[in-house]
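In: just need the structure, nothing else, for what follows:
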Amino acid sequence: MADTKNPGDKTLSVGSKTLSLKPRTETGVVRQSFSHGRSKSVVVEKKTKRRLAGEPASAPEIPAAPVAKAPAAPVRAPEPARTTPRPSGVVLRTLTEDEQTARATALADARLREEEERRVAEAEAARRNSKEFKEQQEREAAEARKKAEEERHRAEEEAKARAEREATKRLDETKAKATATTTTAAPARTGAAKPAATPARGPVAADGSDEDEAPRMVRRPGGPPRPVVAAKPAAKPAPAKQRGRLTLSTALNADDVRERSIASFRRRTQRLKGHASNEPKEKLVREVTIPEAITIQELANRMSERAVDVIRMLMKQGAMHKITDVIDADTAQLIAEELGHSVKRVAASDVEEGLFDVAEDHASDTTSRPPVVTVMGHVDHGKTSLLDALRHANVVSGEAGGITQHIGAYQVTSPESGKKITFIDTPGHAAFTAMRARGAKVTDIVILVVAADDGVMPQTIEAINHAKAAGVPMIVAINKIDKPDAKPERVRTELLQHDVQVESFGGDVVDVEVSAKNKTNLDKLLEMIALQAEMLDLKTNPDRPAEGTVIEAKLDRGRGPVATVLVQRGTLRVGDIIVAGAEMGRVRALINDQGQTIQEAGPSVPVEVLGFNGPPEAGDRLAVVENEARARQVTDYRAHAKREKSAAATGMRGSLEQMMSQLKTTGRKDFPLVIKADVQGSLEAILGSLEKLGTDEVAARILHAGVGGISESDVTLAEGFNAAIIGFSVRANKEAAALAKRNGIEIRYYNIIYDLVDDVKKAMSGLLAPTLRETMLGNAQVLEVFNISKVGKIAGCRVTDGTVERGANVRLIRDNVVVHEGKLSTLKRFKDEVKEVQSGQECGMAFESYQDMRVGDVIECYRVETIQRSL
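Out: Numbering: from 1, shown residues only. You can find the predicted model right below:
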């Protein structure tokens with residue numbers, strides 16, 4: 001009986017014989033051959049895979065041949081499994097639960113795989129169908145477009161041919177009519193009289209010929225009728241020009257020939273212009289404005305030339321440039337003149353033209369103005385006290401140390417004449433030379449105050465020189481005549497040494513003996529001032545833009561930048577736009593010397609001006625400009641010039657390496673300082689004094705100098721350079737003081753310029769290298785040299801003159817040549833160490849780190865003293 005196996009069965013019973021499901025095995029023998037004639041038989045078993053029911057036997061794999069893709073066939077439902085008829089006598093075993101679960105899982109996975117394959121096949125078929133549909137639509141659309149294009153081309157060709165035929169036909173008709181008209185007009189020209197009227201041409205027939213072809217007859221009086229010559233046909237008015245793009249409809253409906261388009265007409269015009277452009281053009285000569293520096297592009301634009309031509313000319317001169325390079329004014333002028341242009345040179349300083357002295361005042365417009373009187377003289381000669389006596393004020397009490405350190409301007413009314421006099425008080429200290437110079441420049445009359453008990457002093461001589469340089473008259477006021485040791489005659493005699501000859505000595509200089517303390521002869525002094533002013537005949541025009549000079553400037557915490565201005569010409573009003581040095585602003589308020597707010601200030605009136613953007617420098621000239629744009633232009637130029645001047649003066653700090661190399665080269669030490677003062681004039685005086693203190697070895701280096709209180713930025717700057725901060729009549733705010741204390745920055749406050757200069761001088765003296773001075777102590781002669789173990793060589797000496805001290809510096813002289821310099825380490829007399837040995841006594845000496853001593857050598861003993869230098 002043949003074996004019958006069902007899938008999943010492990011045992012089958014056929015009759016009484018039990019059949020096992022062991023794997024089927026095929027057995028064979030294979031002989032292996034080895035080297036040297038050896039061989040071996042090997043049994044080979046081949047196991048075959050157990051197959052389930054209905055599964056086909058395995059066959060060798062055959063590579064699939066390429067088959068063209070075809071549309072997927074519809075997926076058919078799986079056929080029910082064919083059951084093999086059970087043979088008789090075969091008993092089936094029941095499956096276990098695990099086997100049933102495994103079989104169910106395998107069947108479910110098979111169904112899922114079939115479903116997934118079916119969905120993929122359907123999606124692929126749909127995608128393929130959609131792609132084919134799109135391709136078909138595109139092919140149909142392309143064919144439709146091609147047909148439409150062909151029809152359009154054919155219609156255009158037909159329209160063009162029809163238009164050409166009609167144009168040819170119309171041209172032939174026109175020529176025929178012209179010939180007929182010429183033939184008809186020949187006999188008419190033989191007549192003597194001209195036709196009385198010319199008939200109008202009849203309407204044109206459809207074929208292009210006139211309807212009234214027969215000529216009309218006109219009967220002349222006394223003669224036979226003659227034919228009237230037909231008038232020459234007028235030109236047919238052109239139909240409206242076809243606009244827009246030529247389309248199929250316009251081509252089919254066109255009754256006339258297309259005329260020249262606008263684009264074609266423009267092209268023809270351009271061609272004609274191109275032929276005409278070959279003719280040489282006329283050269284355009286321009287006036288070229290050339291500043292101090294200009295780029296090549298800008299120069300070419302101003303000359304209406306090509307930039308490449310300018311660069312070519314520069315290359316001929318041996319200079320290679322780009323279009324953005326900057327060239328100087330001389331080179332630009334050479335190029336412009338070579339190209340045939342005229343040149344107008346301008347400079348950056350031209351922005352200041354027209355600020356001052358624009359036009360002279362007419363005599364009819366001028367009025368008298370108060371004189372400006374400057375009080376000058378040596379320190380502590382009573383200048384401010386004299387002004388206080390004239391003004392009935394007490395300015396001296398407000399000055400630190402009892403000396404004037406600020407420049408002031410006041411107005412006094414003369415009690416006799418009632419006229420006003422403007423006084424300018426200048427400091428007398430040597431540091432305030434610039435203030436005195438400013439006072440002399442703006443003044444009309446100088447009062448030279450000399451103390452009767454002191455005579456002519458250095459600042460008195462300086463004031464005389466300032467007055468002579470300004471070319472103004474001088475009045476000598478001999479003050480302090482109330483003192484018992486006053487000698488006015490000595491003052492007059494000393495003035496002669498400086499070419500100042502008073503009237504009492506036959507000169508032309510007025511002198512008045514006064515006493516500010518007792519108010520003696522003050523009225524006489526005012527009378528002399530009024531008399532001198534009348535002789536000068538001071539007049540000006542008040543109805544013009546104001547001009548003046550900044551006497552002093554400061555930075556007030558509550559009011560901002562404040563400038564004391566002396567108006568010299570015109571009238572300064574609230575709201576005017578003003579320029580002074582590198583600062584500009586609009587006048588917000590005017591305050592006179594009495595502290596009153598005024599709306600305008602006329603000539604020779606000193607006022608405080610509020611409204612500047614920043615404090616101007618003392619001595620700057622003030623001017624009123626028409627608008628802010630002009631003011632900003634002027635201040636920008638002045639600020640740039642100021643920066644360049646400052647950079648040239650300081651040499652541009654450079655890097656740290658450059659500073660160190662400069663220090664090594666020059667050996668000069670710097671004393672860094674940050675200085676803040678109350679007013680610009682005091683700051684200027686301090687800087688001038690510190691600059692004079694500098695030497696070749698040490699100098700004051702001003703990191704920052706400004707007007708106003710000490711701020712945190714000043715402390716930060718001083719910290720970076722390890723500098724000291726000096727405040728003159730100003731204080732540091734709370735935050736700056738705390739920051740300085742926290743960082744260990746020293747802030748020193750001063751109210752008197754003497755103390756400030758002296759302290760800085762002492763501090764700078766500490767940077768000087770001390771001077772070493774030698775003091776000879778005595779000489780000794782070596783008599784014997786002893787060699788002691790563990791000690792070295794000891795020289796037995798006798799002191800020939802002076803004394804020898806232990807620890808002093810010594811020189812060993814052999815045959816009048818110094819062979820060693822060092823210090824004395826041991827000095828003994830007998831067995832005891834002694835501090836010094838007197839002349840004529842013997843002792844033992846040993847040197848530090850030196851043993852080569854010989855009999856007959858001379859030992860010179862001296863002391864080196866360090867002496868601190870000072871400026």
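In: CA only for contacts and neighbour counts going forward, please
Out: Will do.
In: would you point out which residue is most central in the chain?
Out: Centroid-nearest residue in the chain, with C-alpha atoms, centre = their mean: H640, separated by 12.6 Å.
In: buried ones in the strand or helix carrying it?
Out: Element membership for H640 (DSSP states H and E) is helix 628-650. Neighbour counts using 16 or more other C-alpha atoms under 10 Å place A631, R632, V634, T635, Y637, R638 of helix 628-650 among the buried residues.
In: residues in contact with the first one?
Out: With contacts taken as C-alpha atoms under 8 Å, 6 or more residues apart in numbering, A631 has the following neighbours: I577, I578, V579, M584, V625.
In: low-confidence regions, the stretch 451-600 of the chain specifically.
Out: Residues of the stretch 451-600 of the chain meeting the criterion pLDDT under 70: none.
In: now do the strands in it.
Out: 474-479, 510-513, 539-540, 547-556, 560-569, 572-573, 577-580, 583-591, 597-598, 600-601 (DSSP state E, counting those that start in this stretch).
In: any chance of CSV for these, columns distance to Q841 and mean neighbour count?
Out: Compiled in CSV, the strands of the stretch 451-600 of the chain are given as follows (distance: least, C-alpha to C-alpha, whole Å; neighbours: other C-alpha atoms under 10 Å):
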stretch, distance to Q841, mean neighbour count
strand 474-479, 72, 25
strand 510-513, 77, 20
strand 539-540, 95, 20
strand 547-556, 75, 24
strand 560-569, 80, 24
strand 572-573, 93, 25
strand 577-580, 83, 25
strand 583-591, 82, 20
strand 597-598, 92, 13
strand 600-601, 92, 19
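In: and those strands: which comes nearest V864?
Out: Closest approach to V864 among these is made by strand 547-556 (52.7 Å; C-alpha to C-alpha).
In: from the chain's centre, how far out does the closest one sit?
Out: Distance of strand 547-556 from the chain centroid (C-alpha atoms, centre = their mean, to the nearest Å) equals 30 Å.
In: again, but for stretch 541-549
Out: Per C-alpha atoms, centre = their mean, the centroid offset for stretch 541-549 relative to its chain is 37 Å.
In: so what touches that stretch?
Out: 356, 361, 365-367, 442, 565-572, 602-603, 619-625.
In: with stretch 742-759 instead?
Out: Residues contacting stretch 742-759 (C-alpha under 8 Å, 6+ apart): 400-401, 405, 686, 689-690, 715, 718-719, 722-731, 740.
In: span of it from start to end?
Out: 24 Å (C-alpha to C-alpha, to the nearest Å).
In: then stretch 526-545?
Out: Stretch 526-545: ends 31 Å apart by C-alpha to C-alpha.
In: list the buried ones in that stretch?
Out: Within stretch 526-545, judged by 16+ other C-alpha under 10 Å, the buried ones are L526, E527, M528, I529, A530, Q532, A533, K539, T540, N541, P542, P545.
In: measure the fourth one to L171 for me?
Out: Meaning I529. On the measure of C-alpha to C-alpha, I529 and L171 end up 112 Å apart.
In: cool, and I461?
Out: 115 Å.
In: which of those two has more residues huddled nearby?
Out: Taking neighbours as other C-alpha atoms under 10 Å, I461 and L171 compare with I461 leading, 15 against 11.
In: and the residue nearest to the centre of the chain, how far is that from A348?
Out: For H640, the distance to A348 - C-alpha to C-alpha - is 10 Å.
In: equivalent analysis for I591, please.
Out: Taking C-alpha to C-alpha, one finds I591 at 35 Å from A348.
In: show me which strand runs longest in the protein.
Out: strand 771-788 (DSSP state E).
In: only alpha carbons, please: show the following helix or strand past that strand as PDB.
Out: Moving toward the C-terminus from strand 771-788, the next helix or strand (DSSP H and E) is strand 792-802. Output of strand 792-802 as PDB, limited to C-alpha atoms (Å, rounded to 0.1, in the frame of the first residue of the first chain):
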ATOM      1  CA  GLY A 792      89.900  84.400  52.100                       C
ATOM      2  CA  LYS A 793      92.500  87.200  51.600                       C
ATOM      3  CA  ILE A 794      92.700  90.000  54.100                       C
ATOM      4  CA  ALA A 795      94.600  93.200  53.300                       C
ATOM      5  CA  GLY A 796      96.600  94.700  56.100                       C
ATOM      6  CA  CYS A 797      96.400  98.500  55.600                       C
ATOM      7  CA  ARG A 798      97.300 101.800  57.100                       C
ATOM      8  CA  VAL A 799      94.800 104.700  56.700                       C
ATOM      9  CA  THR A 800      96.800 107.600  55.100                       C
ATOM     10  CA  ASP A 801      94.200 110.300  55.200                       C
ATOM     11  CA  GLY A 802      90.500 110.700  56.300                       C
END
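In: how distant is strand 792-802 from the center of its chain?
Out: That offset, for strand 792-802, works out to 76 Å (C-alpha atoms, centre = their mean).
In: same for it, what does it pack against?
Out: strand 771-788, strand 842-847 (3 or more C-alpha pairs under 8 Å, 6 or more residues apart in numbering; DSSP states H and E).
In: neighbours of E156, how many?
Out: So E156, with other C-alpha under 10 Å, has 19 neighbours.
In: element containing the residue nearest to V288 when sequence neighbours are not counted?
Out: With C-alpha to C-alpha, 6 or more residues apart in numbering as the criterion, V288 has its nearest non-adjacent residue at 4.9 Å, and that residue is V343. Using DSSP H and E, V343 sits in strand 342-345.
In: packing partners for that strand?
Out: Using 3+ C-alpha pairs under 8 Å, 6+ apart: strand 342-345 touches strand 287-290, helix 329-338.
In: A307: which of the ones you listed is closest?
Out: Using C-alpha to C-alpha, the helices and strands packed on strand 342-345 put helix 329-338 closest to A307, at 11.5 Å.
In: what residues are up against the residue nearest to V288?
Out: E287, V288, T289, I290, Q333, A336, E337.
In: could you find the closest non-adjacent residue to the last one?
Out: If you skip the residues right next to it in sequence, E337 has V343 as its closest partner in space, 7.1 Å away by C-alpha to C-alpha, 6+ apart.
In: need the contact list for N592.
Out: Counted by C-alpha under 8 Å, 6+ apart, N592 has contacts I598, P606, V607, E608.
In: tell me the bridge partners for the first one.
Out: Going by DSSP bridges, I598 is paired in beta bridges with L590.
In: contacts only, for it.
Out: So I598 contacts A589, L590, I591, N592 (C-alpha under 8 Å, 6+ apart).
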